[in-house]
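Q: dropping a prediction and its sequence here:
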Amino acid sequence: MPAPRLHAAALVALAALAPIAAPAIAQDAAPQPAAPADEFATKIRPIVEHHCLPCHAGPESDGSLDLAPYATSADALAAPDVWEHVMERINLHEMPPEGSDQLNDEKRSAIIGWVEANRRPEDDCHKLATDANQRFYAGHVMSRRLSRSEYNNTIRDLTGLDLRPADAFPSDGSGGEGFDNTGDTLFVSPVLLEQYLLAATRVLDAALPEREEMTNEAGEASTSPNSSFDIRHSSFSPLASQLTFPQDQLPPRAAAQQSLTAFARRAFRRPLADDELARLMTLFDRAQSRGDAYLPSLKLALKAVLISPHFLFLVETEPEAEGVYALNHHQLAARLAYFIWNTMPDDELAQLADEAKLDDETILRAQIRRMLADPKARGLADSFATQWLNIGALGQTVKPDAERFPDFDAELAADMRREAVSLVETILREDRSLLDLIDADYAVVNDRLAAHYGLSPVAGAEFRKVALDDRRRGGVLGLGAVLTTTSLPLRTSPVLRGKWILEEVLGASVPPPPPNAGVLPEDDKVHDGLTLRQRMERHRTNPECAACHQRMDPLGFGLECFDPTGRWRHHTAGQPVDSSGTLPDGQTFSGPAELKQVLLARRGEFLNNLARKMLGYALGRSLSKFDDCVVRETVKALEANECRSSVLIEQIAMSYPFRHRYAKK
């Protein structure tokens, strides 16, 4: 694993700037301040001498770890890898060994604190969590099964048919940074195994429907299992055009071997090994020997491909020795494809992996840009946006009251979800600024949503970018999906909306309410002479509630001009809407347009949160301390490049943790 680099270079540079000869000091000059004490020499070296040097001094040191030469900070800073290793061993309580004089908490903290204080933040960009340090910093990328959306998309690209079999699978959990592709939560249950078997059968029956009639070499009808197909006379699916069928000079077994080699290579996202092909051919041979026709025999082997762990899982095989390794070319191609497209690599990316060219950064960057420009990048927008914005339940478990809002139905909910995805897709496809997610002068809507929002008429059900007359609607804060999801069935919820802004836009943490927090009315009617807002203001006088509600409520008030289905309104419960807010620092605003300016002034928090979310999504795991540097460098690159969306994706895909993995023994 590449070792961190500490401040030795800085010390050398400072020494070079020092004067060659100090001028003489007059006898009556003021006394000069004493040089600062060397912290390593005075605090750390004595601990090392007592606890470490008895075993780690000289050429015969245990584990070839000689700590004797390190007497000063300059000595230690010149060997950062040594002291990182020492810290890890101390953290694991492996040093000093059992039976030796042990470190107390004060000494252990002194050594760990010195190493961490002298580590440059950017050094963690080239480090991954391992068994030695994941006890303290969250995990490494693991081989994981495909999520439901990944499975559906992969089946689509394998067969050419959008069958969506995974819609019948059990729901995926979410973990890590809040996404369903987190390896720690993608369990495989007996129910899911049964669904995999059923899905494989249904997919192949739909993609390769069997015909009773086949043509023989003379063009006559035949039912012989070894007759050759005349595919021109059958209405086959796109998958059939990718397979090989028996011909005059190509017997059935040879045709099956070619078909399985090509299909399994795409399904496994890597070349097929000889022994794997032999096992698949065994299934074909058995079916042939019992009298099955060519297509049923081939489908039996194809089914084995679709239920193989090499298809169902993104497998990153373990190297022989423990350590941190660069992904091989096929692993990197798969990780890149499922990040940007939410599906398998295409032929071009697979070919580059076959040619071992993906370690060329120029080629890799070009592929990232190509993939972002491809329509399949909608897979990233769909999977990431739906989960980041927390709108997946809209229209299912989350919906407004049907009597009060009769215009809201399943179709409108689907349009709202698609609007959110289309906005993110537009920003990615056009390489627009990510700040458009906060404030934009356009919306991406169809005819139904334009009418629902009261915008200028739009023709047709197709979603398209339309210019807005004002700034109250553009961006995620004006999305119907967000506004409806953060409302209650009978009324809006400034608390839920404010909490959503804090957590999903700014990345802040909001603790759960205390048990005695109380309950607000379920509707927005005046109760006991108090409006909902007045009740909320009284609620904030409770010291236990004030700290959080002073942060959340004002942000939510800024969206009160949107009703529970995202329509603009001027009155609620017979009262004019009050969309003003006062933040804890005294800053005031009124309405969504001014609220957006407040959020743009906090763009650093927004970009940091978005970078963390996207990195966690790309890696499929919780982020660790070592990922903080990647987030910082990504935000820095965004600020230097007009916050272009391509910069976010490219920074993450080119990062060390994305292109490397940790392997256990």
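A: Nice, thanks for sending it over. Computed from a prediction, not measured in an experiment: that's the story for all the values here.

Q: quick one: residues contacting residue 374.
A: Shown in contact with residue 374 (CB atoms under 8 Å, 6 or more residues apart in numbering): residue 341. Backbone N, C-alpha and C define where each C-beta goes, glycine included.

Q: for it, report the pLDDT, please.
A: At residue 374, the model reports a pLDDT of 96.

Q: and it, how far from residue 162?
A: As judged by CB to CB, to the nearest Å, residue 374 and residue 162 stand 17 Å apart.

Q: cool, residue 388 as well?
A: Distance, residue 388 to residue 162, using CB to CB: 24 Å.

Q: then residue 514?
A: Separation of residue 514 from residue 162 (CB to CB) stands at 48 Å.

Q: so residue 388 and residue 162 - more neighbours on which side?
A: Per other CB atoms under 10 Å, whichever of residue 388 and residue 162 has more neighbours is residue 388, with 23 against 10.

Q: tell me the secondary structure of residue 440, please.
A: Counting by DSSP: H, G, I helix; E, B strand; the rest coil, the backbone at residue 440 sits in coil.

Q: residue 358 now?
A: Secondary structure, three-state DSSP: residue 358 is coil.

Q: list the contacts for it?
A: Residue 358 neighbours (CB under 8 Å, 6+ apart): 329, 332, 333, 352, 364, 367.

Q: pretty sure the fifth one sits in a helix.
A: Yes - checked against three-state DSSP, residue 364 lies within a helix.

Q: how many other residues sit next to it?
A: Per other CB under 10 Å, the neighbour tally for residue 364 reads 19.

Q: do the last one as well
A: Using other CB under 10 Å, residue 367 has 23 other residues around it.

Q: now the nearest residue to it once chain neighbours are set aside: how far from residue 181?
A: Distances taken as CB to CB, 6 or more residues apart in numbering place residue 349 nearest to residue 367, at 6.2 Å, with adjacent residues excluded. Note on residue 349: its distance to residue 181, by CB to CB, is 19 Å.

Q: the more surrounded of the two?
A: Legend: neighbour count by other CB under 10 Å for residue 349 and residue 181, higher for residue 181 (29 against 24).

Q: could you look up the SS state of that one?
A: Classification of residue 181 using three-state DSSP returns coil.

Q: residue 406 now?
A: Secondary structure for residue 406, judged by three-state DSSP, is coil.

Q: count of residues packed around it?
A: Residue 406: 9 surrounding residues under other CB under 10 Å.

Q: residue 197 is in contact with residue 165, correct?
A: No - because the distance of 11.2 Å does not satisfy CB atoms under 8 Å, residue 165 is recorded as not touching residue 197.

Q: these two: which has the busier surroundings?
A: Applying other CB under 10 Å to residue 165 and residue 197 shows that residue 165 carries more neighbours, namely 21 against 12.

Q: next, that one: phi, psi?
A: The phi and psi torsions at residue 165 (degrees, to the nearest 10) take the values phi -70, psi -30.

Q: residue 151 versus that one, what's the distance?
A: Counting by CB to CB, the separation of residue 165 from residue 151 is 7 Å.

Q: tell me which element residue 652 is part of?
A: Here residue 652, judged by DSSP states H and E, is contained in helix 645-653.

Q: what average pLDDT does that helix get?
A: Averaged over helix 645-653, pLDDT sits at 98.

Q: just the C-alphas of it, formatted as PDB.
A: Only the C-alpha atoms of helix 645-653 are listed here, as PDB (Å, rounded to 0.1, in the frame of the first residue of the first chain):
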ATOM      1  CA  SER A 645     -21.200  17.800 -13.500                       C
ATOM      2  CA  SER A 646     -18.600  15.900 -15.600                       C
ATOM      3  CA  VAL A 647     -15.900  17.000 -13.100                       C
ATOM      4  CA  LEU A 648     -17.800  15.300 -10.200                       C
ATOM      5  CA  ILE A 649     -18.100  12.000 -12.100                       C
ATOM      6  CA  GLU A 650     -14.500  12.100 -13.500                       C
ATOM      7  CA  GLN A 651     -12.900  13.000 -10.100                       C
ATOM      8  CA  ILE A 652     -14.600  10.000  -8.500                       C
ATOM      9  CA  ALA A 653     -14.000   7.500 -11.300                       C
END
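
Q: buried residues in that helix?
A: Within helix 645-653, the residues that count as buried by 16 or more other CB atoms under 10 Å are 645, 646, 647, 648, 649, 650, 651, 652, 653.

Q: which residues are in contact with the fourth one?
A: With contact set as CB under 8 Å, 6+ apart, residue 648 has these partners: 434, 610, 611, 614, 634, 638.

Q: now do stretch 266-281: distance from first to last residue.
A: Stretch 266-281 has an end-to-end distance of 17 Å (CA to CA, to the nearest Å).

Q: longest helix in this protein, please.
A: If you go by DSSP state H, the chain has its longest helix at helix 410-429.

Q: what's the angle between it and helix 645-653?
A: Taking axes from the mean of the first three to the mean of the last three CA atoms, to 10 degrees, one finds that helix 410-429 is oriented at 80 degrees with respect to helix 645-653.

Q: quick check: next helix or strand after helix 410-429?
A: Following helix 410-429 in sequence order, the next helix or strand is strand 442-445 (DSSP H and E).

Q: just the residues contacting that following strand, thanks.
A: 419, 422-423, 426, 453, 455, 458, 463-468, 473-474, 478.

Q: worst mean pLDDT across the helices and strands of the chain, which element?
A: The weakest-scoring helix or strand in the chain, judged by mean pLDDT, DSSP states H and E, is helix 8-17 (a mean of 34).

Q: which elements pack onto the helix or strand just after that helix?
A: Using DSSP H and E, the helix or strand that follows helix 8-17 in sequence is helix 39. Contacting helix 39 under the criterion 3 or more CB pairs under 8 Å, 6 or more residues apart in numbering; DSSP states H and E is no other helix or strand.

Q: if we go by neighbour counts, what in the helix or strand just after helix 39 is buried?
A: Once helix 39 ends, the next helix or strand along the chain (criterion: DSSP H and E) is helix 45-51. Along helix 45-51, these residues count as buried under the neighbour rule (16+ other CB under 10 Å): 45, 47, 48, 51.

Q: pipe the residues you listed into CSV and attach distance to residue 79 per row.
A: Below are the buried residues of helix 45-51 laid out as CSV (distance: CB to CB, whole Å):
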residue, distance to residue 79
45, 14
47, 17
48, 13
51, 18
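
Q: which among those gets closest to residue 585?
A: Closest approach between the buried residues of helix 45-51 and residue 585, by CB to CB: residue 47, at 44.9 Å.

Q: need the CA coordinates for the host helix or strand of residue 302. PDB is fine.
A: Under the criterion DSSP H and E, the helix or strand holding residue 302 is helix 294-306. The C-alpha trace of helix 294-306 is given here as PDB (Å, rounded to 0.1, in the frame of the first residue of the first chain):
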ATOM      1  CA  TYR A 294     -31.200 -27.400 -30.200                       C
ATOM      2  CA  LEU A 295     -32.900 -24.400 -28.700                       C
ATOM      3  CA  PRO A 296     -34.200 -26.100 -25.500                       C
ATOM      4  CA  SER A 297     -30.700 -27.600 -25.100                       C
ATOM      5  CA  LEU A 298     -29.100 -24.200 -25.500                       C
ATOM      6  CA  LYS A 299     -31.500 -22.500 -23.200                       C
ATOM      7  CA  LEU A 300     -30.700 -25.000 -20.400                       C
ATOM      8  CA  ALA A 301     -27.000 -23.900 -20.600                       C
ATOM      9  CA  LEU A 302     -28.000 -20.200 -20.900                       C
ATOM     10  CA  LYS A 303     -30.100 -20.500 -17.800                       C
ATOM     11  CA  ALA A 304     -27.000 -21.800 -15.900                       C
ATOM     12  CA  VAL A 305     -25.300 -18.500 -17.000                       C
ATOM     13  CA  LEU A 306     -28.100 -16.400 -15.600                       C
END
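
Q: buried residues of the next helix or strand after that helix, list them for me.
A: Counting by DSSP H and E, the next helix or strand C-terminal to helix 294-306 is helix 309-312. For helix 309-312, burial by neighbour count (16+ other CB under 10 Å) applies to 310, 311, 312.

Q: and the contacts of the strand or helix carrying residue 282?
A: Assessed by DSSP H and E, residue 282 sits inside helix 274-289. Contacts to helix 274-289, defined as CB under 8 Å, 6+ apart, come from residues 225-226, 252-253, 256-257, 260-261, 264, 268, 294, 296-298, 300-301, 304-305, 310.
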